[in-house]
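Chemist: what follows is a predicted structure for the sequence shown.
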Amino acid sequence: MPSPYGPKPEAAPPGLTAKLLGFCEELRSEGVAVGTSEILDAFSALEQVPWSSQDDFREALAATIAKSQEDRRLFELLFERWFFRAAEVEAIERGVAEAGQRHEGGERLDIDELREQIRQAIVEGNDGEMRDLARLAIAAFGRQEGSGVVGVDVQRIRRTLGLSAGAQQTAEDGAAELPPIDRDQLNRFERHLRRELERDLIERTSTLPPSRPLAELDRALPTNPTQDLAAVHRAVSQMKRRLATLGHEQRGRRQARTVDVRRTMRASLQTGGVPLYLRYRPKRPRRPEIYVLCDVSTSVTSASVFFLSVLHALHDSFRKLRSFVFIERISEVTEVFERERDFRQIAQRISSEGGVADVSGYTDYGRVWLEFLTEISEELDPRSTVIVLGDARTNGREPHAEVFAQISERAGRLFWLNPEPKLYWNYGDSVMAAYERYCDGAFECWTTRHLENFVNVVAGGIPAGD
Amino acid sequence: MAAGSVAEVKEALAGAGYLADESAALVSFLAQRLGKPVLVEGPAGVGKTELAKALSRATGRELIRLQCYEGLDEAKALYEWNYRKQLLRIQAGGESGWEDVHDDIFDKEFLLERPLMQAIASADPVVLLIDEIDKTDQEFEAMLLELLSDFQITIPELGQVSATTMPIVVLTSNNSRELTEALKRRCLYLWLDYPDLQREMEIVHLHAPELPETLNRRLVEVVGMIRALDLKKPPSIAESIDWARTLLLMGAEDIDRETFEQSMSIIVKHRTDIDLVAERVGMKLAESVRPQA
């Protein structure tokens, strides 16, 4: 079909179709929904851009295939990997290698000068330059004593070059102050290093390392404090934005059921005073009072703190929010969240100031219920919602389910979130069944999706129990 | 604008006062070439709506805008029968038979065109902006599907109305809810984020050309610092521009603590945010000014 806009740019090289389909297959295996129509779109988009420009090529693909920010992130990761691997496979098959001139000049290079050049390139953010210099750096350092593990080598070279993020110390010989290095820029340089090292390794061994599926890391709740905090933060901010408008769609007129007489009368003017069309009163969102009790014993700490910080980020959606943490005793931490915004700081403060571990450091649910009830019972009323986050593992102590039942009676709603998959409930010392029957809902909660779903329930978005 | 290449699109957009980054230019280019709608997502105030306006200026097409809100229905988005006129017609033609009137009153003459219909029926090519699509409900999205994939609208009494000229369709979303897969599948996707330092400086320069280079850099750096904080409402690009103009009016030569505190309300508009920004950013400013004095 002749295009109305003149001749197409050069046709894509043979084999690209197969590569692209393979790429889409890979995306699907990582959970990106790529439909056939999207693949068709991708092909027609690629006809419009010169395929030889990598940026245009990637953007055109991304615009047609990755339809959310999350998908886009996966897309970037996979794109890099897939086409890099594809190129390398091709190179091995055809026996293309550049080993001859690859490391020439590396030994002759003055290290200080190289360091200066690299620093320069990083500050300027020039990708091509960085790649060339990464290769030089590998030649200078990596060749003779490579450990064979790419990640280790990258860090070793970086350290040898004395590169670190943030403000730079003044050079020892008292020379001019060096410009600070941006963390992102440094990461980019490290990526180039990694890439070149991998290429090197593939060339030497003539095989590709097996491809691994991406880690599920950012899709699951954090399970230990050392986990990637940036990923946690990303999850929180995304959820925050989504949940800030919580229940808004419910507020529309459509789902409401009370007739608004004034508006109905007004509308009836159009039909000669006959109220043909009923107008409804909008439904107000529920703004519950919330009491959160979080187990912060070592088995579930991070999930609880994460959960608490999400709730506090949503403070506006609730009329009143009080948080408690507990292990053997219970302690209120509402204030900590009002003062601190940083997830890491909060985790630290709770562990240092909470004062919840008594002697053994093992959770004592029974005692916690008793304490909670004495402290707060007058304030509980049918409008309040109590949320418990814990694994219900009593370590063999008395669960005091009857006290829990009293709490349930006084509070309007009582939910339990268990950071363990449902499969493990009631195994070992877990007494989930004893508590579950007093709850209005017990949910497993070990991914951000579970959590988001739950918060939606609490704020009245969707009915509990599904 | 014939949309010959990505570079040309970028240039044309710049000519219309919009400095597009690579991906925005490429997607605009693809939208014109492939005739597909563009779904633009991103935080508030990064120029999503502005992109559509700039496209309309750059292509010389008329901009038709549909602002979405809760409870928007087809009577306000697509078309409505002008029943008053229909009533008049029935009363005026009292002697003619029912058959005549019946055929007559469901005619184009009695159709009130709403934005979507206007865009489809327009004789000249237009840019259709469907703003904040995430504010509507899913039913409305479903209604858009026919329009977005085939550029046609079916009116039961009249039949199909198809577009004679391909409109450029831009949908924007603040990502406050997940849009349906069906809608996304029909669109090209563009994620707009806050621009990097260099580009934001260019944008501010474009809109406040009298602002000296050094002050511009300082301003963009401070705005960047504020965005890095966890605020309820981070400052948008438009607010950077407003701030630049304010600084010009104030005749400020540098952003020191005093100027900052006086003009902070231009970029930060939330009680708790103001406290936080004053504490975290205001402090740093004082330090950086002293060595100069």
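Modeler: Sure, I can see it. Numbers count the residues shown, from 1 in each chain, chains lettered A, B, ... in the order given.
Chemist: from the contact counts, what lies against the host helix or strand of A:W416?
Modeler: Element membership for A:W416 (DSSP states H and E) is strand A:413-418. Helices and strands touching strand A:413-418, by 3 or more C-beta pairs under 8 Å, 6 or more residues apart in numbering or on different chains; DSSP states H and E, are strand A:384-389, helix A:432-436, strand A:441-444, helix A:448-458. (C-beta placed from N, C-alpha, C; glycine too.)
Chemist: mean pLDDT for the ones you listed: which is lowest?
Modeler: Among these, helix A:448-458 has the lowest mean pLDDT, at a mean of 72.
Chemist: near chain B at all, it?
Modeler: No. Residues of helix A:448-458 are not located near chain B by C-beta under 8 Å from any C-beta of the partner chain, the shortest gap being 10.3 Å.
Chemist: against which helices or strands is that helix packed?
Modeler: Against helix A:448-458 (3+ C-beta pairs under 8 Å, 6+ apart) you get helix A:229-244, helix A:301-313, strand A:413-418, strand A:441-444.
Chemist: angle of that helix against strand A:384-389?
Modeler: 160 degrees (axes from the mean of the first three to the mean of the last three C-alpha atoms, to 10 degrees).
Chemist: kindly calculate the angle that helix A:448-458 makes with strand A:413-418.
Modeler: 170 degrees.
Chemist: for the strand holding A:W416, what is the average pLDDT?
Modeler: Mean predicted confidence for strand A:413-418 is 85.
Chemist: point out the most buried one among the helices and strands packed on strand A:413-418.
Modeler: strand A:384-389 (a mean of 24; mean count of other C-beta atoms under 10 Å in any protein chain shown).
Chemist: right, and the helix or strand after that strand?
Modeler: helix A:401-410.
Chemist: that next one: which residues count as buried?
Modeler: A:A401, A:V403, A:F404, A:Q406, A:I407, A:S408, A:R410 (16 or more other C-beta atoms under 10 Å in any protein chain shown).
Chemist: which residues are in contact with that helix?
Modeler: Contacts of helix A:401-410 from elsewhere in the structure, counted by C-beta atoms under 8 Å, 6 or more residues apart in numbering or on different chains, are A:365-366, A:369-370, A:372-373, A:377, A:380-381, A:386, A:414, A:431, A:434-435, A:438-439.
Chemist: got the CA coordinates for that helix in PDB?
Modeler: Listed next in PDB are the C-alpha coordinates belonging to helix A:401-410 (Å, rounded to 0.1, in the frame of the first residue of the first chain):
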ATOM      1  CA  ALA A 401      -9.600 -14.800  71.700                       C
ATOM      2  CA  GLU A 402     -12.500 -13.800  74.000                       C
ATOM      3  CA  VAL A 403     -10.800 -10.400  74.600                       C
ATOM      4  CA  PHE A 404     -10.400 -10.100  70.900                       C
ATOM      5  CA  ALA A 405     -14.100 -10.800  70.600                       C
ATOM      6  CA  GLN A 406     -14.800  -7.900  72.900                       C
ATOM      7  CA  ILE A 407     -12.800  -5.500  70.800                       C
ATOM      8  CA  SER A 408     -14.700  -6.800  67.800                       C
ATOM      9  CA  GLU A 409     -18.000  -6.100  69.500                       C
ATOM     10  CA  ARG A 410     -17.200  -2.500  70.400                       C
END
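Chemist: what average pLDDT does it get?
Modeler: Helix A:401-410 comes out at a mean pLDDT of 87.
Chemist: repeat for stretch B:43-62
Modeler: Stretch B:43-62 comes out at a mean pLDDT of 90.
Chemist: wondering if stretch A:66-77 reaches chain B at all.
Modeler: Yes. Against chain B, stretch A:66-77 shows contacts by C-beta under 8 Å from any C-beta at A:A66, A:K67, A:S68, A:Q69, A:R72.
Chemist: the first one against A:V32, yeah?
Modeler: Yes. When contacts are counted by C-beta atoms under 8 Å, A:A66 is listed as touching A:V32 (6.7 Å).
Chemist: which of those two has more neighbours?
Modeler: Each of A:A66 and A:V32 has its neighbours counted (other C-beta atoms under 10 Å in any protein chain shown); A:A66 has more, 24 against 21.
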